[in-house]
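>>> okay, sequence plus prediction incoming.
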Amino acid sequence: MLAWIIPIVSILGGFIAGWIFEKIFLQKLQSLLSKPKIPHSEVFVNSLKGVIKIWLIIAGFYGALVSLHTSQFITNPIFLIGQNGLIATFLYFFTLVIARLGSSFIRIWSQKTPGVSASLLANLTKIIILVFGILTILQAIGISITPILATLGIGGLAVALAFQDTLSNLFSGLYLIISQQVRTGDYIKLETGQEGYVIDITWRNTVVRELQNNLVLIPNSKLASAIFTNYHLPAKDVGVRVNVSVSYQSDLEQIEEVTLQVARELKAEYPQLYADFDPVIFYENFGDFSINFVVVFRANEFLEQRAAKHQFIKRLHRRYREVGIEIPYPSHNVYMPNTNHRNAKPQILSDE
């Protein structure tokens, strides 16, 4: 009976030490690391949560196992099986800590790198670390991994065929991230008409949030082969074109001066307009009832062009009315001959 006291005490000691470390020392460590403002100290603390407790419990079980083996309560084969099981468990949780650290630093890097999706890269990093960790555990407990690797190599083709769509989406997502054709935060428009902001690129789908706040899930393989417009590449600022018409009686020099003045005032007062671009005006053609031209300025972002165009049209219309510039209505002159009198002149009917 006394021989069981040490194993029981060892196991209980492991549980108690794990609880004390989790509730007291880990919180103290977190507060100590936060005071000097050590960069990303929370990543290390979060990665250790729940793991140190498991390690201490494993240590308690290992002490009990050694005590029982020393007292010859268990045979050598049982001791080796228990020892390998505890080693495998310890190494698994060590691998889990490394996987957590790896995925967390990938997320931190993606936050500092504009347009990089953290979801796919972080999960892929965690999976790779866990796979290598499991292979290392098997090798550590005496299981040869060579036959396993050979089996994986042979079965790889069957797995690839079975998960063809999944693997296609996975590699398409990696291609989109590496090529930087689509980045999180970009505003895109597909050939099918869907448009919105890219909020995430997962291992299977690219998630797009529409202006109506709906989510559109696009398989990565579809997006990689689709025709789409990225309004944030090569730069976020976008040209804004406003078509204007004035009557033939207008002074074109005055038109240009007044229009550019309104556009420049809007640029000075409206922060959504691109400050480094001076508005320009181009006369385009002689229309049926008006002279047509276009005003060009630039907005900082695709959606801001709508509000900028809205403000410009309101201000330009008000300024034209103040200075007496006419924006003509569509009009047609119809010539109708008078058949009652041979020498009568044609009548002119104006339709405005």
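Now that the structure is in, tell me what you want to look at.

>>> burial of the closest residue to E284 other than its chain neighbours, as a residue count?
Residue nearest to E284 in three dimensions, not counting chain neighbours: N292, with 5.1 Å by CB to CB, 6 or more residues apart in numbering. Using the backbone N, CA and C atoms, a C-beta is placed for each residue, glycine as well. Other residues near N292 number 15, with proximity taken as other CB atoms under 10 Å.

>>> go on, Q311?
Neighbours of Q311 using other CB under 10 Å come to 16.

>>> picking that back up, any idea what the residue nearest to E284 is bridged to?
Going by DSSP bridges, N292 is paired in beta bridges with S245, N285.

>>> what of N230?
According to DSSP bridges, beta-bridge pairing links N230 with I188.

>>> separation between the residue nearest to E284 and Q261?
Distance of N292 to Q261, given as CB to CB, to the nearest Å: 20 Å.

>>> what residues of stretch 311-329 count as buried?
Neighbour counts over stretch 311-329 (16 or more other CB atoms under 10 Å) mark Q311, F312, R315, L316, Y320, I325, P328 as buried.

>>> please list all residues in contact with the residue nearest to E284.
Neighbouring residues of N292 by CB atoms under 8 Å, 6 or more residues apart in numbering: N243, V244, S245, Y283, E284, N285, F286.

>>> low-confidence ranges in the stretch 101-250 of the chain?
110-118, 148-163 (pLDDT under 70).

>>> which of the three states applies to W203?
coil (DSSP: H, G, I helix; E, B strand; the rest coil).

>>> residues near it, how many?
Neighbours around W203, by other CB under 10 Å: 18.

>>> what values do phi and psi take at it?
With angles defined as degrees, to the nearest 10, W203 sits at phi -70, psi -10.

>>> so what's it up against?
By CB under 8 Å, 6+ apart, the residues touching W203 are S119, L120, N123, L124, T166, N169, L170, G173.

>>> most neighbours, which of these?
Once you tally neighbours by other CB under 10 Å, G173 ends up highest among these, having 27 neighbours.

>>> ok, now how distant is that one from A99?
Distance from G173 to A99, by CB to CB: 20 Å.

>>> do the same with I58
For I58 relative to A99 (CB to CB), the value is 18 Å.

>>> of the two, who's got more company?
Per other CB under 10 Å, whichever of I58 and A99 has more neighbours is A99, with 21 against 18.

>>> what's the spacing between the more buried one and G133?
Separation of A99 from G133 (CB to CB): 7 Å.

>>> same thing with I98?
Counting by CB to CB - I98 and G133 are separated by 7 Å.

>>> wait, E191 sits on I227?
Yes. Using CB atoms under 8 Å, E191 is in contact with I227, at 4.4 Å.
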